[in-house]
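1. Sequence and predicted model, in that order:
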4 protein chains.
Amino acid sequence: MDMTTEKMMMSMTGMPKDMMSMDMSMMDMKMMQDCIDACVAAEQATLMCADAGSGDNMGKMMSMCANTADQTNSMMRMMMRPMGYDMGMMMAMLEATMVMCRACADECMMHADMSDHCRMCAEVCMNCATACEALMTSMKSMMV
Amino acid sequence: MDMTTEKMMMSMTGMPKDMMSMDMSMMDMKMMQDCIDACVAAEQATLMCADAGSGDNMGKMMSMCANTADQTNSMMRMMMRPMGYDMGMMMAMLEATMVMCRACADECMMHADMSDHCRMCAEVCMNCATACEALMTSMKSMMV
Amino acid sequence: MDMTTEKMMMSMTGMPKDMMSMDMSMMDMKMMQDCIDACVAAEQATLMCADAGSGDNMGKMMSMCANTADQTNSMMRMMMRPMGYDMGMMMAMLEATMVMCRACADECMMHADMSDHCRMCAEVCMNCATACEALMTSMKSMMV
Amino acid sequence: MDMTTEKMMMSMTGMPKDMMSMDMSMMDMKMMQDCIDACVAAEQATLMCADAGSGDNMGKMMSMCANTADQTNSMMRMMMRPMGYDMGMMMAMLEATMVMCRACADECMMHADMSDHCRMCAEVCMNCATACEALMTSMKSMMV
């Protein structure tokens, strides 16, 4: 799967620059690929964590996981659509995804002792938040 | 459909407050209902606009519409999950949805003369941005 | 919202027939509009039911609701994209959505005595299954 | 990412059997993991193909890709929620996903000569259809 995504990303960088809405040649494609992978992993981890979590006092955690699953999917999809790349939209979405992943990780970490799913989900969400932040930092440096 | 959503929202406000993660009694439920409806309308308008848009120089518009469809769906879903209500997450998501809807409306407005779909989509997206902003303003006043 | 969807559907029927992949002039657009509304209602009801359901023995119900929310959204999206209308794909998706909604309604009905969310969700899902079946029947009659 | 999914799937098989709605011990988890990966790959390939496709006579292809992206995501999500595993629902969804992927692959193959995105998308979709079919065959053999 990674192989395929990588091949497609490479074909993307090979597109004529005037077909891109944002100057892709300045984007760190390796960093964006990492962010896409981190989003897919976070979507899967939160889906599974939400599913496994039924029980007392797990309602908030399950709901936050479900929200994070949706947001990481929307974020991933946006990155797969280079024709619509737009700096302002991308920054707002990365910011929201980072906030969601961090809050979800914090909540899941509270249940980490009792649940392997929660511990893994917290790790994967923190990783996704980090990947979003790295991409934001890289994009900000392009705007100078 | 509105009827059903309204009935469900009412059943939500009837839930014990300690089951809520945020103090729902202070939330303006009518305003949230408006925002949910605005998100569904924006999702449908952007989906249809993206679908109708094939042709020269429509790539960016279609891509932005597809992104906005995903984000308005994620936003709607979050509002349908009261167990996970969290002020920080909600504000970050409303902000991102507002940015997406405004940018999508701006882009679609450029094609409004030639396309009814684009003109309607721009209107519906502006309405969704307004609903998100109203909810954010209302939530900020709760935090004082 | 319904107003907007109706206006957009009307603009769709006004499209040149050769832009459609399937002969839209034979489609019962009122029936499709009903199916779209039923899918949105089912997505919202299942999202809320899954969210409200934490507790003992609710795991299967919550998971089935979450699955049905995703499928009714995918079904709705497909109907909002007339450029891609294809008889075989549409029938397979309507069939799957009908199966999902019926199974979800059956599961939720078991908890209907204890939970208003489950009872409402069961009703809305049955309504969606009926709308999908009606559309399938109507499409089959076109194929004769 | 695969690493994480694999770890989570393994933790899933370690769950008490009475927590599962279907007898997971009989499921071929490697085959399901392959199907999940194939769905993620198909979602990403169709998203990118739909985005790259603007131009004359590409409307149907783009629309079919967008529909397939949604359906493969719904299918993946269902497989990530073991609490709700249900034979009838799973079979109906695998059938629909297989039909969608095959039709999308057929359409994209028509544009394969002119577009690398279409050729890759067709390959990835055929692979996903094959993975769905393999899982269906495996599940049918369990029902004897």
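-> Ah, there it is. Note that the coordinates shown come from a computational prediction; the quantities given were computed from them, not determined experimentally.

2. Stretch A:71-90 and chain B, any residue contact?
-> Yes - with CB under 8 Å from any CB of the partner chain as the criterion, chain B is reached by stretch A:71-90 at A:71, A:73-74, A:77-78, A:81-86, A:88-89. Yep, even glycine has a C-beta here, placed from its N, CA and C like the rest.

3. Among the residues you listed, which one sits closest to A:Ala103?
-> Checking the residues of stretch A:71-90 next to chain B against A:Ala103 by CB to CB gives A:Gln71 as the nearest, at 10.7 Å.

4. In a markdown table, list the residues of stretch A:71-90 next to chain B along with neighbour count and pLDDT.
-> A markdown table is the format used below for these (neighbours: other CB atoms under 10 Å in any protein chain shown; pLDDT from 0 to 100):
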| residue | neighbour count | pLDDT |
| --- | --- | --- |
| A:Gln71 | 33 | 97 |
| A:Asn73 | 24 | 97 |
| A:Ser74 | 27 | 97 |
| A:Arg77 | 24 | 96 |
| A:Met78 | 28 | 95 |
| A:Arg81 | 22 | 93 |
| A:Pro82 | 23 | 91 |
| A:Met83 | 22 | 91 |
| A:Gly84 | 26 | 92 |
| A:Tyr85 | 22 | 91 |
| A:Asp86 | 22 | 91 |
| A:Gly88 | 11 | 93 |
| A:Met89 | 24 | 95 |
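
5. Which of those fall in strands?
-> Using DSSP state E to define strands, no part of the residues of stretch A:71-90 next to chain B is located there.

6. Tell me the residues of chain A that contact chain B?
-> Taking CB under 8 Å from any CB as the criterion, the neighbours of chain B within chain A are A:19, A:21, A:59-60, A:62-64, A:66-67, A:70-71, A:73-74, A:77-78, A:81-86, A:88-89, A:92-93, A:95-96, A:99-100, A:103.

7. I'd like to know which of these are part of helices.
-> Cross-referencing the residues of chain A next to chain B against helices under DSSP state H gives A:59-60, A:62-64, A:66-67, A:70-71, A:73-74, A:77-78, A:88-89, A:92-93, A:95-96, A:99-100, A:103.

8. Please list which of those residues are also close to chain C.
-> The subset of those within reach of chain C, by CB under 8 Å from any CB, is A:59, A:62-63, A:66.

9. May I see the ChimeraX selection of the buried members of those residues?
-> Buried members of these can be picked out in ChimeraX with the line below, counting by 16 or more other CB atoms under 10 Å in any protein chain shown:
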select /A:59,62,63,66
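
10. Closest one of the ones next to chain C among the ones in helices among the residues of chain A next to chain B to A:Cys118?
-> For A:Cys118, the nearest member of those is A:Met62. The distance, counting by CB to CB, is 10.4 Å.

11. Quick check, the closest one in contact with A:Cys118.
-> No - taking CB atoms under 8 Å as the definition, A:Met62 is not a contact partner of A:Cys118, at 10.4 Å.

12. Return every residue with contacts to both of those two.
-> A:49, A:53 (CB atoms under 8 Å, 6 or more residues apart in numbering or on different chains).

13. Distance check, the spatially most central residue of chain A against chain D.
-> Centroid-nearest residue in chain A, with CA atoms, centre = their mean: A:Cys39, separated by 3.1 Å. For A:Cys39, the distance to chain D under the criterion CB to the nearest CB, to the nearest Å works out to 9 Å.

14. again, but for A:Ala103
-> Spatial separation of A:Ala103 from chain D under the definition CB to the nearest CB is 20 Å.

15. could you give the angle of the longest helix seen in chain A to helix A:59-79?
-> The helix that spans the most residues within chain A, counting by DSSP H, is helix A:116-143. Relative orientation of helix A:116-143 with respect to helix A:59-79: 40 degrees, computed using axes from the mean of the first three to the mean of the last three CA atoms, to 10 degrees.

16. starting at the chain centroid, how far to helix A:116-143?
-> Relative to its parent chain, helix A:116-143 has a centroid offset of 7 Å by CA atoms, centre = their mean, to the nearest Å.

17. can you tell me which residues contact the residue nearest to the centre of chain A?
-> Applying CB under 8 Å, 6+ apart, the residues contacting A:Cys39 are A:72-73, A:75-76, A:79, A:97, A:128, A:131.

18. Sort out which one of these lies nearest D:Met139 for me.
-> For these, the closest approach to D:Met139 (CB to CB) belongs to A:Asn73, at 25.9 Å.
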